[in-house]
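*Asks:* what follows is a predicted structure for the sequence shown.
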Amino acid sequence: MASPPITKPLENIDSKKIRIIGVPLDLGQSRRGVDMGPSAVRVAGLESKLEALGYIVEDKGNVPVALAETKSSGDPHAKYLKEIAETCSKEAELVIQTLEAGKIPLVLGGDHSIAVGTVSGVAEFYRRSKQRIGLLWIDAHSDINTPDSSPSGNVHGMPLGAIMGLFPGPLTDMYGFCPKVNPDNVVLVGIRDVDEVERQNIRKAGVHAFTMRDIDERGMRVVMEEALRLAGRNTVGYHVSLDMDWIDPEDAPGVGTPVWGGATYREGHLAMEIIADHGRLLSFEIVEVNPVLDERNQTAELAVELALSAFGKKIL
């Protein structure tokens, strides 16, 4: 099938208007505290610092989320799947409304399972105009497990699997189409903790992946340029999903699943600066900030700094 003629975002989207959406979901993982991530990022001054860059910023507050203490975890192979799907559905609708209002969604997690809601909303919005999006998944993990393959049953390890349609269910079926993003436009950057089934799922899904070894050998600039070329090919632009455990825990200790050997402080900023240089960012999300495990809000403050770089802050 021929690729649709895709060159630029819809004209009603104002690149200087941002809407912040909090999704304080912690049902996707077993380490508590990530539900406070949106508050920690707000406390670190996200809104005022974006405004200082010249953006018009609206904070829409938080999507309602069920409390783990009031719910049964359900299927041990996909814990709290029903509640997570309900939250993602609400989030996706708010993302669509944000784009309809001509604003760029900036979503604050919560665990990484919220990405299903963000990506579904952005993909559906542009699909209605016969346009498709790319996806940049910046993470220590590939998050492409399924209920059948997950060793823990924690859904925050499955969102990319759901986005790619690798298993049936309410997360996959959102808006009645899957995969949400063409596999050739999905790029993982900086992965370094991947199990054997996930390796198989990456190949099965047909997505692109750059590991930390690729970054070590080729450098962040070369990897990011290639990643953005792949994510942007025949698309209107791309969504960026940034898991803070992508950064080495020396610089970002406040995450639930830290993995040594991650991107450095400057590598993180360089990656975001290159995204800004390309000017094709459709939406952005920050996930897995856990203040309970953090040191003086260090990880949330870095998350804000990285977001600012992605939205165009420069040294000079």
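*Replies:* On my side now, so go ahead.
*Asks:* for the worst-scoring helix or strand of the chain on mean pLDDT, buried residues please.
*Replies:* The weakest-scoring helix or strand in the chain, judged by mean pLDDT, DSSP states H and E, is helix 196-205 (a mean of 95). In terms of neighbour count (16 or more other Cβ atoms under 10 Å), helix 196-205 has its buried residues at 197-198, 201-202, 205. Every residue, glycine included, has its C-beta placed from N, CA and C.
*Asks:* where does pLDDT dip in the chain?
*Replies:* Along the chain, segments meeting pLDDT under 70 span 1-12.
*Asks:* how about a cut-off of 90?
*Replies:* Within the chain, the set of residues satisfying pLDDT under 90 comprises 1-15, 28-32, 66-78, 149-151, 153-154.
*Asks:* ok, for residue 124, nearest residue in space, not its chain neighbours?
*Replies:* Once flanking residues are discounted, residue 124 sits nearest to residue 175: 4.5 Å by Cβ to Cβ, 6 or more residues apart in numbering.
*Asks:* so what's the one you found up against?
*Replies:* Residue 175 makes contact with 92, 120, 123-124, 127, according to Cβ atoms under 8 Å, 6 or more residues apart in numbering.
*Asks:* look up how far residue 282 lies from residue 232.
*Replies:* 10 Å (Cβ to Cβ, to the nearest Å).
*Asks:* joint contacts of the two?
*Replies:* Jointly contacting residue 232 and residue 282 under the rule Cβ under 8 Å, 6+ apart are residue 238.
*Asks:* compare those two and say which is more crowded by neighbours.
*Replies:* Per other Cβ atoms under 10 Å, whichever of residue 232 and residue 282 has more neighbours is residue 282, with 25 against 19.
*Asks:* I'd assumed residue 239 was in contact with that one.
*Replies:* Yes: look at residue 282 against residue 239 with Cβ atoms under 8 Å: they come within range, at 5.6 Å.
*Asks:* hmm, who's touching stretch 202-214?
*Replies:* Residues outside stretch 202-214 that contact it (Cβ under 8 Å, 6+ apart): 142, 144, 160-161, 164, 166, 179, 183-184, 186-192, 194, 223, 226-227, 230, 261-263.
*Asks:* let's go with 7 Å and repeat that
*Replies:* Outside stretch 202-214, the residues that touch it by Cβ atoms under 7 Å, 6 or more residues apart in numbering are 142, 144, 164, 166, 183-184, 186-192, 223, 227, 230, 261-262.
*Asks:* I'd like to know which of those are buried.
*Replies:* With burial judged by 16+ other Cβ under 10 Å, the buried subset of the contacts of stretch 202-214 is 142, 144, 164, 166, 184, 186-192, 223, 227, 230, 262.
*Asks:* next step: these restricted to helices.
*Replies:* 223, 227, 230 (DSSP state H).
*Asks:* ok, now which ones touch the first one?
*Replies:* Residue 223 makes contact with 189, 210, 214-215, according to Cβ under 7 Å, 6+ apart.
*Asks:* between those residues, which has the most around it?
*Replies:* residue 189 (27 neighbours).
*Asks:* sorry, back to before: measure the residue nearest to residue 124 to residue 165 for me?
*Replies:* Relative to residue 165, and taking Cβ to Cβ, residue 175 is found at 12 Å.
*Asks:* list residues touching both of the two?
*Replies:* Counting by Cβ under 7 Å, 6+ apart, nothing touches both residue 175 and residue 165.
*Asks:* so which residues of the stretch 201-316 of the chain form strands?
*Replies:* Using DSSP state E, counting those that start in this stretch, the strands assigned to the stretch 201-316 of the chain run over residues 208-211, 238-243, 281-287.
*Asks:* my error: substitute the stretch 1-150 of the chain in the last question.
*Replies:* Along the stretch 1-150 of the chain, counting by DSSP E, counting those that start in this stretch, strands occupy 17-23, 56-62, 104-109, 134-138.
*Asks:* now render those strands as TSV, adding mean neighbour count and distance to residue 152.
*Replies:* Below are those laid out as TSV (neighbours: other Cβ atoms under 10 Å; distance: least, Cβ to Cβ, whole Å):
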stretch	mean neighbour count	distance to residue 152
strand 17-23	24	21
strand 56-62	15	26
strand 104-109	28	18
strand 134-138	28	19
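*Asks:* the closest residue to residue 177 other than its chain neighbours and residue 187, how far apart?
*Replies:* Spatially, and ignoring its direct neighbours in sequence, residue 177 is nearest to residue 127 (7.1 Å; Cβ to Cβ, 6+ apart). In this view, residue 127 and residue 187 are 20 Å apart by Cβ to Cβ.
*Asks:* again with residue 208
*Replies:* Applying Cβ to Cβ to residue 208 and residue 187 gives a distance of 5 Å.
*Asks:* overlap of the contact sets of these two?
*Replies:* Jointly contacting residue 208 and residue 187 under the rule Cβ under 7 Å, 6+ apart are residue 230.
*Asks:* can you name the residues bridging to the most centrally placed residue in the chain?
*Replies:* Among the residues of the chain, residue 241 comes closest to the average C-alpha position under Cα atoms, centre = their mean, at 2.1 Å. Applying DSSP bridges to residue 241 yields these beta-bridge partners: residue 137, residue 285.
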